[in-house]
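*Asks:* Quick one: sequence and predicted model below, then my questions.
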Amino acid sequence: MKGVIVKEPGGPEQLTMTELPKPETEKDDLLIKVNMAAVNRTDIISREGKAGYASNPILGVEVAGTVAEADSSHSFAVGDRVMGLVNGGGYAEYAAMPASRAMKIPESLSFAEAAAIPEVFLTAYQTLFWIGKLQENDTVMIHAGASGVGTAAIQLAKQLTGAKVITTAGSERKLRFCAELGADVTINYKEQPFDKAVLDATDQQGADLILDFIGASYWEKNLACINMDGRWVLIGTLGGSELKNVDLMNLMSKRIQLTGTLLTPRSDAYKAALSKEFSDKVTPYFERGIIRPVLDSTFPAEQVDEAHLHMEANRNIGKIILNMESDDI
């Protein structure tokens, strides 16, 4: 089969399509014929050689496709349309997926739409509800609202709890889209201090929950606009990972719960439990079109370097998809 590997750690030019053996499945695995895979920040980190947990030489952590092989112990049969997280290997014609993590694709969704769901929606669900404990009357601030996780989190927060949603983005085009998804307050972080805008929108109380993709460069402003007893979930460090002269008393005085998390290196059991709960609770919203995956663009698999460049330039609204069945593979 064909798959995408990294020749050596570095830029997108290090990505190459090559001939590889089909993955060997273990007892509890499904073999998936991959139709579509999705590009994620974790793929870029792995490509750069910065992810110590990446053991599969083939990139890609989420796929949508059809079951090619399954044993009788699973509820899935050959030919079933499924989506889910894989332990690497998504950028390929075939991928192994633990059956406990597979989710059936709603009939109303295409493979491209399905590939846009697992990583970002599971990350958003985990951070909002399992870690962030979002409640009906809360206010949540979602940074990078037009990103894959951002667009998922806006919809989940609004549709599952009706919470007040505040989001940041860097262009009016992105902010308009966030508003269309359900954001109540949108803030252009390039044009105004987001901390002041959040306080103005909450009667100077601040956000009860912050989903933070940025890290160090947003530290002071996040601290300024989080409510007493607020929950702050760190899921990215696009603005740096190191802080100087941090006064921990500022966290203590507001009784802030600061939690860092990554989904990809979590255990199989954790991902299976998360996938099941998410599928049970959110699939009906997909089926009725109330919540929808957001697609930015689809690239042929042989243009994987262009897909990575597109993500690194922050041009996308929603998910970037790789077509693993393009004619040139």
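*Replies:* The structure has been received and is ready for your questions.
*Asks:* for stretch 105-113, which positions count as buried?
*Replies:* I105, P106, L109, S110, F111, A112, E113 (16 or more other Cβ atoms under 10 Å). In this view, the C-beta of every residue, glycine as well, is placed from N, C-alpha and C.
*Asks:* ok, now stretch 64-77?
*Replies:* Result for stretch 64-77 [16+ other Cβ under 10 Å]: buried residues A64, G65, T66, V67, A68, A70, F76.
*Asks:* which among the buried residues of stretch 105-113 gets closest to T161?
*Replies:* P106 (21.8 Å; Cβ to Cβ).
*Asks:* ok so, going back, need the max-distance pair from the buried residues of stretch 105-113.
*Replies:* The widest separation within the buried residues of stretch 105-113 (Cβ to Cβ) is 13.4 Å, between P106 and A112.
*Asks:* now the helices for the stretch 1-150 of the chain?
*Replies:* Here the stretch 1-150 of the chain has its helices, by DSSP state H, counting those that start in this stretch, at 41-47, 111-115, 118-125, 148-161.
*Asks:* With respect to K22, which of those lies nearest?
*Replies:* That would be helix 111-115 among the helices of the stretch 1-150 of the chain, by Cβ to Cβ, at 19.5 Å.
*Asks:* Please list the outside residues in contact with the closest one.
*Replies:* With contacts defined as Cβ atoms under 8 Å, 6 or more residues apart in numbering, helix 111-115 is touched by 35-38, 62-65, 81, 83, 105-106, 292-293, 295, 298, 319, 321, 323.
*Asks:* Which of the residues you listed fall in strands?
*Replies:* Residues from the contacts of helix 111-115 lying in strands, with DSSP state E as the criterion: 35-38, 62-65, 81, 83, 295, 298, 319, 321, 323.
*Asks:* angle of the longest helix seen in the chain against helix 118-125?
*Replies:* In terms of residue count, the longest helix belonging to the chain (DSSP state H) is helix 268-287. Using axes from the mean of the first three to the mean of the last three Cα atoms, to 10 degrees, the inter-axis angle of helix 268-287 relative to helix 118-125 is 90 degrees.
*Asks:* Quick one: list the elements packing against helix 268-287.
*Replies:* strand 81-85, strand 94-98, strand 103-104, helix 118-125, helix 148-161 (3 or more Cβ pairs under 8 Å, 6 or more residues apart in numbering; DSSP states H and E).
*Asks:* Give me the buried positions along the last one.
*Replies:* If I follow you right, that is helix 148-161. 148-158, 160-161.
*Asks:* Now do that helix: distance to the chain's middle.
*Replies:* 11 Å (Cα atoms, centre = their mean, to the nearest Å).
*Asks:* And it, what does it pack against?
*Replies:* Counting contacts by 3+ Cβ pairs under 8 Å, 6+ apart, helix 148-161 is packed against helix 118-125, strand 139-142, strand 164-169, helix 172-181, strand 207-212, helix 268-287.
*Asks:* again, 6 Å this time
*Replies:* Under the contact criterion of 3 or more Cβ pairs under 6 Å, 6 or more residues apart in numbering; DSSP states H and E, helix 148-161 touches helix 118-125, strand 139-142, strand 164-169, helix 172-181.
*Asks:* Many thanks, have a good one.
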